[in-house]
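**Q** Sequence and computational prediction follow.
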Amino acid sequence: MVAAFATMSAGALFAGTRVLARAPVTAGAVESSVHRAGEVGIVANSAQDPTWGFAPYNGGFTFVRVRYDLSMNSGFGRGRGGGSNPPWFHDYPTADRNLSAIIAEVTNLRTSTRQTNIIRLDDPMIFRFPILYMSEPGYWNPTDKEVVSLRAYLAKGGFIIFDDFGEEHWPNFVLQMRRVMPDLTPLPLDGTEPVWRTFFDISPADIHMESYRGTAEFLGLFEDNDRTKRQIAMIDFKNDIGEFMEYSGRGFYPVDLSNQAFKFGVNFIIYAVTH
């Protein structure tokens, strides 16, 4: 069971390499760039922001969030602003915008900083974007068409990040991923995998963090279940980096947790676009 995997403590901030980096990154660079982004309205916490439209494909990086139907027995909590929003929507749009602002700030990756996308898995448009993000996959209930589409997407070189779910959500996640990739098994990551070295040099002692869900555990899906081959999915279990990224400009969480979440997010993106 995943809960039995060994855990490690969170550690130092922003120590390490800066592949594709535009400028030296200091301990406060992530937090300060989020605040600068907020000065031009990127951190507004409203999905109704009329300036935030669909980002057309342009060959650069665009944050793409997966929209999905809920499983028949799923329940979900109150959404942002007192409304009732579905799980896939959680932390939108602020987390998406903040990570996009950080990518643009600290790397040379051409990034959409004024728009992000929400796309269903059965939309052929996903094949134009190499990275997908899914919030709360414990509630995810893909159609057969979406299963086939995601399988083809990953086989063609796509990468997906699963975030924001705990132990009670694990059975549904495993069930749905067996439909998508029946021959693959989630493998626990120990910090030695290439994804932790693609931008920031994150040590094995630093890959776990404490969240309201407990001590985070990271797992991956690899081609042919071979750790030496391409990683096709990042599974952020018992964690919620989207939450940390959403509130990073508000002082809701300690700066070190927000910075750590951004470090992970940047590494996931850079790994995906270079593998």
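**A** Thanks, I have it.
**Q** residues making contact with stretch 217-236?
**A** 2, 5, 7, 154, 157-164, 173, 177, 181, 183-189, 193-195, 207-208, 216, 237-239, 264, 268, 271, 275 (Cβ atoms under 8 Å, 6 or more residues apart in numbering). For glycine as for every other residue, the C-beta is placed from the backbone atoms N, C-alpha and C.
**Q** Next step: those residues restricted to helices.
**A** L154, F173, M177, F264, F268, Y271 (DSSP state H).
**Q** Would you mind measuring from the last one to V174?
**A** I take that to be Y271. 23 Å (Cβ to Cβ, to the nearest Å).
**Q** do G157 as well
**A** Taking Cβ to Cβ, one finds G157 at 24 Å from V174.
**Q** For the residue lying closest to F159 once chain neighbours are set aside, which residues are in contact?
**A** Computed as Cβ to Cβ, 6 or more residues apart in numbering, the closest residue to F159 that is not its neighbour in sequence is A272, at 3.6 Å. A272 sits next to P130, I131, F159 when contact means Cβ under 8 Å, 6+ apart.
**Q** Surely the last one touches I131?
**A** It refers to F159. Yes - between F159 and I131 there is a contact at 5.2 Å, judged by Cβ atoms under 8 Å.
**Q** The two: who's more crowded?
**A** More crowded of F159 and I131, by other Cβ atoms under 10 Å: F159, with 23 against 19.
**Q** what about the closest residue to F173 other than its chain neighbours, how many neighbours?
**A** Closest residue to F173 apart from its sequence neighbours, by Cβ to Cβ, 6+ apart: P137 at 4.7 Å. Here the count is done by other Cβ under 10 Å, and P137 has 27 residues near it.
**Q** Kindly report the same for N141.
**A** Neighbour tally, N141, other Cβ under 10 Å: 16.
**Q** what's the nearest residue to F129 if we skip its chain neighbours?
**A** V64 (4.6 Å).
**Q** Can you spell out which residues form a bridge with that neighbour?
**A** When bridges are called by DSSP bridges, V64 pairs up with N117.
**Q** Next one: it relative to I202, how far apart?
**A** 24 Å.
**Q** can you check T274 too?
**A** T274 is 16 Å from I202, by Cβ to Cβ.
**Q** same check, this time on L175
**A** Applying Cβ to Cβ to L175 and I202 gives a distance of 31 Å.
**Q** Which of the two has more residues huddled nearby?
**A** Comparing L175 with I202 by other Cβ under 10 Å, the one with more neighbours is I202, at 23 against 12.
**Q** Report the secondary structure state of that one.
**A** With DSSP: H, G, I helix; E, B strand; the rest coil as the basis, I202 sits in coil.
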